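Chemist: Here is the input, now give the coordinates:
(2 chains)
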Amino acid sequence: MDNASTVLQLLFSGIGTGSIYALVAVGFNVIFKSTDAINFSQGEWVMMGGMVAAATVTASSSPVWLACLFAVLVVTAVGLVSERLVILPIAKPTPLLITLISIGLAICTKSAVMLTLGKNPAGYPGFAGDALVTVAGATVHSQTLWILVITAAFMVLAHLFFEKTVLGKALRAAAADRDAAALVGIKARSTVMWSFAIAAMAGAIAGTIITPLTLTSYDAGTMLGFKGFSAAMLGGLGNLYGSLLGGLLLGVLEAFASGYISSHFKDAIAFVVLLLILFWRPVGLIGKPVVEKV
Amino acid sequence: MLEVMGLNAGYGEIQILRDLSLTVEPGECVCLVGANGAGKTTLMRSLSGLLRPVGGSIRFDGQELARLSAHDVVTRGVALVPEGRRVFGPLTVRDNLEMGAFRHLWPPNKEKGRHDGFGRDLEFVLTLFPRLRERLQQPAGTLSGGEQQMLAIGRALMTRPKLLLLDEPSMGLAPLVVKEIFATIRALNAEGIAILLAEQNARMALRTASRGYVIAEGRIVNSADTAALQRDPAVQEAYLGF
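Modeler: Numbers count the residues shown, from 1 in each chain, chains lettered A, B, ... in the order given. Next up, the predicted model:
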């Protein structure tokens, strides 16, 4: 294999996993914006998306894309119901409290999946089977291309949702100023519910489209969550476009590190990046520091 | 229209408002003057539902508001323009105004007729503040202080209030802009919207309103029509700088 095609190969694989990190990072961002909390169950929703889709494919022999769509709907509903069950009842929801509760929620989600869907790794073929495609000399799995297309479509739709729809703008308004939003009739508690649903949806999409390449199992969520969190921090927490940038950058870094150094370093990269960004630029690459005006 | 009786409110252990009572009649413009820290903002926050009072009652058009949250109070027809303007900085001017109409627009198609009212309300606000029309697509955070104040008032008007609460609308603004804002407040009042205006700038407030309350240490210490308050030696000395 010549050098250029190796680089291209790694680039594709990096952008593929990077897209997944970007989707997970969007989930972190949406909930962070509405609650100022870090939601540790984000990664579990990714895992759950893959597990539910796999179970659906096995149980119903329905086409993969349909099973994935179903799984995304189920997990979105799980996100929404989780918020109503464990966040809504908090009398005074502080960011720290929500963060701690999300750890409990993550453990419960993981256990529930383990008890209902089992401990075995699960998977299914890609949307176009397991066909390989040659792009400019690099051989890539067709599912990688699907990942790119679906992530791009999700990002465009998310952008339109937050910029053009009444509900999307209300979520941004509440994130900008909770009291001022309440004064025009936007319920903070409802915006939190919607943000959980959207975050769960982003996570589930990531989980359903990556599973054909990596398989998944009940304990895969934690690592995916941390990778997504690193991506969110890298791009700048609270910024949708930062998520995309951070995710792609992290994915590509990982791919090149495992390609040129050693695949043992693959997971370490995300955490080295997380540490460096926390030391060097805690607001992320395109984040703005929060200035408290008095 | 608005009847506040024996209101007690504060933050945690610290009581700010003590047995405070006041009224606003339909179509009236009432001002509330007092020094910094007298309790004006605490009263405004209590009336709008941002702060739950410890005791007392807030009746508006016969309904009790004291137990309601802010997002419910606004549906009863009371809108607060908060101290410091608090516009949604990252949203455009137009989107800020649209958010003012949030409860008419979401959930969608609750009542078809209401949606049509949005364009009319928007036009009303933009006619009132032509400068906002020039800045419709600009993020609200990039506006000048005066423009942000206009936007904050416009956003509150989009909720279709019967009573408009204004907390320090002159804060941090140049004298010319203050004049402009108060002219608008008078115009709104002439349209039939009742107004309760909290101001440190007592001179402007007393010139604008027809009746006034003087608040000090969380209590109403004086109330009269504004002409009488302007002649009152104690008011002159404390708030008008004579």
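Chemist: C-alpha only now, for contacts and for neighbours.
Modeler: OK.
Chemist: And residue 70, what's its pLDDT?
Modeler: No chain specified, so I'll use chain A. Note for A:F70: predicted pLDDT of 98.
Chemist: should've been chain B
Modeler: 97.
Chemist: Which residue is the nearest non-sequential neighbour of it?
Modeler: Among residues not flanking B:A70 along the chain, B:G49 sits closest, at 4.0 Å (Cα to Cα, 6 or more residues apart in numbering or on different chains).
Chemist: So what's the residue count around the one you found?
Modeler: Residue neighbour count, defined by other Cα atoms under 10 Å in any protein chain shown, stands at 25 for B:G49.
Chemist: List the contacts of the residue of chain B found nearest chain A.
Modeler: Closest residue of chain B to chain A, Cα to the nearest Cα: B:H71 (3.9 Å). B:H71 is in contact with A:182-187, B:49, counting by Cα atoms under 8 Å, 6 or more residues apart in numbering or on different chains.
Chemist: where in the stretch 1-150 of chain A is pLDDT low?
Modeler: Across the stretch 1-150 of chain A, the ranges flagged by pLDDT under 70 are A:1-2.
Chemist: The one residue in it that gets nearest to chain B: which element?
Modeler: The stretch 1-150 of chain A approaches chain B most closely through A:K33 (12.7 Å), counting by Cα to the nearest Cα. Using DSSP states H and E, A:K33 falls within helix A:3-35.
Chemist: A:A175 now?
Modeler: helix A:166-176.
Chemist: Tell me which helix or strand comes right after that helix.
Modeler: Where DSSP H and E defines the elements, the next helix or strand beyond helix A:166-176 is helix A:178-183.
Chemist: next SSE after that following helix?
Modeler: Later in the chain than helix A:178-183, the nearest helix or strand by DSSP H and E is helix A:188-214.
Chemist: If you count contacts, what does the lowest-mean-pLDDT helix or strand in chain B end up packed against?
Modeler: One helix or strand of chain B scores below all others by mean pLDDT, DSSP states H and E: helix B:112-128, with a mean of 83. Packing contacts for helix B:112-128, counted by 3 or more Cα pairs under 8 Å, 6 or more residues apart in numbering or on different chains; DSSP states H and E, involve helix B:102-105.
Chemist: now the strands: where do they sit in chain B?
Modeler: B:2-11, B:14-24, B:29-33, B:55-60, B:63-64, B:78-81, B:163-167, B:194-199, B:211-216, B:219-225 (DSSP state E).
Chemist: burial measure for the residue in chain A positioned nearest to chain B, as a count.
Modeler: At 3.9 Å from chain B, A:G185 is the closest residue in chain A, using Cα to the nearest Cα. Number of residues near A:G185 (other Cα under 10 Å) recorded here: 26.
Chemist: Let me see the contact set for A:A71.
Modeler: A:49-50, A:52-53, A:56, A:204, A:208.
Chemist: what about it, distance to A:G104?
Modeler: Distance of A:A71 to A:G104, given as Cα to Cα, to the nearest Å: 22 Å.
Chemist: do A:F162 as well
Modeler: Distance, A:F162 to A:G104, by Cα to Cα: 29 Å.
Chemist: and if you look at B:D61?
Modeler: As judged by Cα to Cα, B:D61 and A:G104 stand 46 Å apart.
Chemist: Can you pull up the residues of chain B that come close to chain A?
Modeler: B:48, B:50, B:70-72, B:74-75, B:79-80, B:82, B:86-91, B:95, B:98-103, B:105-106, B:155-156, B:159 (Cα under 8 Å from any Cα of the partner chain).
Chemist: need the contact list for the residue of chain A closest to chain B.
Modeler: Each residue near A:G185 by Cα under 8 Å, 6+ apart is listed here: B:70-72, B:74-75, B:102-103.
Chemist: likewise A:L148?
Modeler: Residues counted as contacts of A:L148 (Cα under 8 Å, 6+ apart) are A:15-16, A:19.
Chemist: Let me have the residues you listed in CSV, extended by distance to chain B.
Modeler: What follows is the contacts of A:L148, written out as CSV (distance: Cα to the nearest Cα, whole Å):
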residue, distance to chain B
A:I15, 30
A:G16, 31
A:S19, 26
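Chemist: which bits of the stretch 101-250 of chain A sit near chain B?
Modeler: Contact residues (Cα under 8 Å from any Cα) of the stretch 101-250 of chain A with chain B: A:166-167, A:169-170, A:172-173, A:176-177, A:179-187.
Chemist: go again using 6 Å as the cut-off
Modeler: Proximity of the stretch 101-250 of chain A to chain B, by Cα under 6 Å from any Cα of the partner chain, involves residues A:173, A:176, A:182-185, A:187.
Chemist: Which one of those residues sits in the busiest neighbourhood?
Modeler: Neighbour max across these (other Cα under 10 Å) = A:V184, 30 neighbours.
Chemist: Now that one: closest residue in space, sequence neighbours ignored.
Modeler: Counting by Cα to Cα, 6+ apart, A:V184 lies nearest to B:G100, which is 5.3 Å off, once chain neighbours are set aside.
Chemist: dump the residue contacts of the one you found.
Modeler: By Cα atoms under 6 Å, 6 or more residues apart in numbering or on different chains, the contact set of B:G100 is A:184, B:155-156, B:158-159.
Chemist: again, only using 10 Å
Modeler: Neighbouring residues of B:G100 by Cα atoms under 10 Å, 6 or more residues apart in numbering or on different chains: A:170, A:180-181, A:183-186, B:79, B:94, B:118, B:122, B:152-160.
Chemist: so what's A:V290 scoring on pLDDT?
Modeler: pLDDT, A:V290: 63.
Chemist: Tally up the residues packed near the residue nearest to B:F60 when sequence neighbours are not counted, please.
Modeler: Residue nearest to B:F60 in three dimensions, not counting chain neighbours: B:L2, with 4.5 Å by Cα to Cα, 6+ apart. By other Cα under 10 Å, 22 other residues sit near B:L2.
Chemist: B:L2 against B:A66, yeah?
Modeler: No. Applying Cα atoms under 10 Å, one finds B:L2 not in contact with B:A66, separated by 11.7 Å.
Chemist: Touching both of those two, which residues are there?
Modeler: Here B:L2 and B:A66 have B:47, B:58-60 as joint contacts, going by Cα under 10 Å, 6+ apart.
Chemist: neighbour-wise, which of those leads?
Modeler: For the shared contacts of B:L2 and B:A66, the largest number of neighbours (other Cα under 10 Å) sits with B:L47, at 29 neighbours.
Chemist: Just to check, it is in contact with B:A66?
Modeler: Yes. Counting by Cα under 10 Å, B:A66 is a contact partner of B:L47 at 7.3 Å.
Chemist: list the residues that contact both of those two?
Modeler: B:4, B:7, B:53, B:57-60, B:73.
Chemist: can you list those residues in a markdown table and add pLDDT?
Modeler: Compiled in a markdown table, the shared contacts of B:L47 and B:A66 are given as follows (pLDDT from 0 to 100):
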| residue | pLDDT |
| --- | --- |
| B:V4 | 97 |
| B:L7 | 97 |
| B:P53 | 96 |
| B:S57 | 96 |
| B:I58 | 97 |
| B:R59 | 97 |
| B:F60 | 97 |
| B:V73 | 97 |
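Chemist: Widest-spaced pair of these?
Modeler: The span of the shared contacts of B:L47 and B:A66, defined through Cα to Cα, is set by B:L7 and B:V73 at 16.6 Å.
Chemist: follow-up on the earlier one: mind checking which of the contacts of A:G185 are in helices?
Modeler: If you go by DSSP state H, the contacts of A:G185 have B:70-72, B:102-103 in helices.
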